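Enquirer: whatever this is, show me its structure:
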Amino acid sequence: MKKIEYYQKKLYKGGLLQKEELLELSEEPLEQLCRAADEIRRHFCGTAFDLCAVISAKGGRCTEDCAFCPQSGISKAIDKVPEFPLLGAEELVSDVSEKDKKGIMAYGIVASGRVISGNETEQLAKSLTRLRKTTNIRLCASLGLLDRQKLERLRDAGLQMVHNNLESSEKHFRAICTTHTYEEKKNVIRAAKEAGLSVCSGGLFGIGESMEDRIELALNERDLGVDSVPVNMFDPVPGTPLERSPLLGVDDMRRIVALFRFALPDTFIRLAAGREYLEDQGRSCFLSGANAAISGDFLTTMGISIETDRNMLREIGYDI
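Expert: Take a look at the predicted model:
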């Protein structure tokens, strides 16, 4: 407990924790660690909560070989995933209007594939212009390995945030994906920041990574200055190379969230995919340092309703 208090005070004094310190914390008792992480969250972030929703705006087989993804070119589950072209403005406007009425604060437009094409960029830019006139919701997009030119085009059309997960440590990422590199993903984040966009970038947990991999991911996100860090629990889809991976439990996710709060004291830690499998739907994680979430359905799986989330978050003291 003394070690937890020592590192907690270090953060309050303006310090940052390094890899070895976070590894030490990872072995501390769970309840004390989570309680301290929640105190850190309140100290740096108050009771603010950021609730977002996503839409699968383009679906189907991807050229990349990410071992965890059912839309990957090597996945045997791809036939069960709907394939469709980039959604048009009318469909996006209709969906964002519905989410707006339900109290969502940010809207993520997600497209499968390595990167959207030039024509798709122009189509989406026109849709973003329409969306910007329709809603004040923060507009975010996950569109692959975008270059600076495409980022600036979308920014000028109304995009405010870019999503690009690093997924894990650089070493472990090489074990689960070979068709693009960690540095390419980092370059998207750097280019987005240079273009004046906010960045949402996190990871996937339960894909065979070690505690060291998890901590290295947190530190990489901190070094890049990202604004939001999604914490996704892996859902092992049959037909993917990682289909036999065991599901993580509530205590695993609480420890991950708490350590990320210690590593990123003033950043939104966003509970994302997979929390529908937790018996408490993530409630205990929201008391362990997490202060953001993706609500509603996900890209290829069902989620938790926005109304259910809002009620739960109010009950535990968040302003939402």
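
Enquirer: which residue is the nearest non-sequential neighbour of residue 248?
Expert: Closest residue in space to residue 248, ignoring its immediate chain neighbours: residue 206 at 4.4 Å, by CB to CB, 6 or more residues apart in numbering. Where C-beta positions appear, they are placed from N, C-alpha and C, glycine not excepted.

Enquirer: what is the burial count for the one you found?
Expert: Neighbour count of residue 206, defined by other CB atoms under 10 Å: 21.

Enquirer: check residue 223 too.
Expert: As a burial measure, residue 223 scores 9 neighbours (other CB under 10 Å).

Enquirer: wait, a strand at it?
Expert: No: under DSSP: H, G, I helix; E, B strand; the rest coil, residue 223 falls outside any strand and is assigned helix.

Enquirer: residue 239 touches residue 71, doesn't it?
Expert: No: using CB atoms under 8 Å, residue 239 is not in contact with residue 71, being 11.0 Å away.

Enquirer: CA atoms only for stretch 203-222, dumped as PDB, please.
Expert: What follows is stretch 203-222 as a C-alpha-only set of coordinates in PDB (Å, rounded to 0.1, in the frame of the first residue of the first chain):
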ATOM      1  CA  GLY A 203      -5.200  -1.300 -27.400                       C
ATOM      2  CA  LEU A 204      -6.700  -4.700 -27.400                       C
ATOM      3  CA  PHE A 205      -6.200  -6.900 -24.400                       C
ATOM      4  CA  GLY A 206      -6.300 -10.700 -24.100                       C
ATOM      5  CA  ILE A 207      -4.400 -11.300 -27.300                       C
ATOM      6  CA  GLY A 208      -1.400 -13.100 -25.700                       C
ATOM      7  CA  GLU A 209       0.300 -10.000 -24.500                       C
ATOM      8  CA  SER A 210       2.300  -9.700 -21.300                       C
ATOM      9  CA  MET A 211       1.900  -7.200 -18.500                       C
ATOM     10  CA  GLU A 212       5.100  -5.600 -19.900                       C
ATOM     11  CA  ASP A 213       3.500  -5.300 -23.300                       C
ATOM     12  CA  ARG A 214       0.500  -3.500 -21.700                       C
ATOM     13  CA  ILE A 215       2.600  -1.000 -19.900                       C
ATOM     14  CA  GLU A 216       4.700  -0.300 -22.900                       C
ATOM     15  CA  LEU A 217       1.600   0.400 -24.900                       C
ATOM     16  CA  ALA A 218       0.400   2.900 -22.200                       C
ATOM     17  CA  LEU A 219       3.800   4.700 -22.300                       C
ATOM     18  CA  ASN A 220       3.800   4.800 -26.100                       C
ATOM     19  CA  GLU A 221       0.400   6.500 -26.100                       C
ATOM     20  CA  ARG A 222       1.600   8.900 -23.500                       C
END
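
Enquirer: and it, which residues are buried?
Expert: Neighbour-count burial for stretch 203-222 flags 203-207, 209, 213-222 (criterion: 16 or more other CB atoms under 10 Å).

Enquirer: follow-up on the earlier one: now do the shared contacts for residue 239 and residue 71.
Expert: Listed as contacting both residue 239 and residue 71 by CB atoms under 8 Å, 6 or more residues apart in numbering are residue 78.

Enquirer: center of the protein - which residue?
Expert: For the chain, residue 230 is the residue whose C-alpha lies nearest the centre (CA atoms, centre = their mean; 2.5 Å).

Enquirer: how about the helices in the stretch 201-320 of the chain?
Expert: Listed in chain order, the helices of the stretch 201-320 of the chain (DSSP state H, counting those that start in this stretch) span residues 211-224, 250-263, 306-315.

Enquirer: out of those, the one nearest residue 160 is which?
Expert: Each of the helices of the stretch 201-320 of the chain was scored for nearness to residue 160 using CB to CB, and the closest is helix 211-224 (17.6 Å).

Enquirer: what about residue 182, neighbour count?
Expert: As a burial measure, residue 182 scores 18 neighbours (other CB under 10 Å).

Enquirer: ok, now which ones touch it?
Expert: 166, 170, 173, 174.

Enquirer: so which strand or helix has the last one?
Expert: Assigning secondary structure by DSSP states H and E places residue 174 in helix 170-176.

Enquirer: could you pull up the mean pLDDT of stretch 212-219?
Expert: Average pLDDT, stretch 212-219: 98.

Enquirer: got it, and stretch 140-147?
Expert: Taken as a whole, stretch 140-147 has an average pLDDT of 98.

Enquirer: so which residues make contact with it?
Expert: The contact list for stretch 140-147 (CB under 8 Å, 6+ apart) reads 52, 54, 106-111, 113-116, 124, 150, 154, 159-164, 180, 184-185, 187-188, 191-192, 198, 200.
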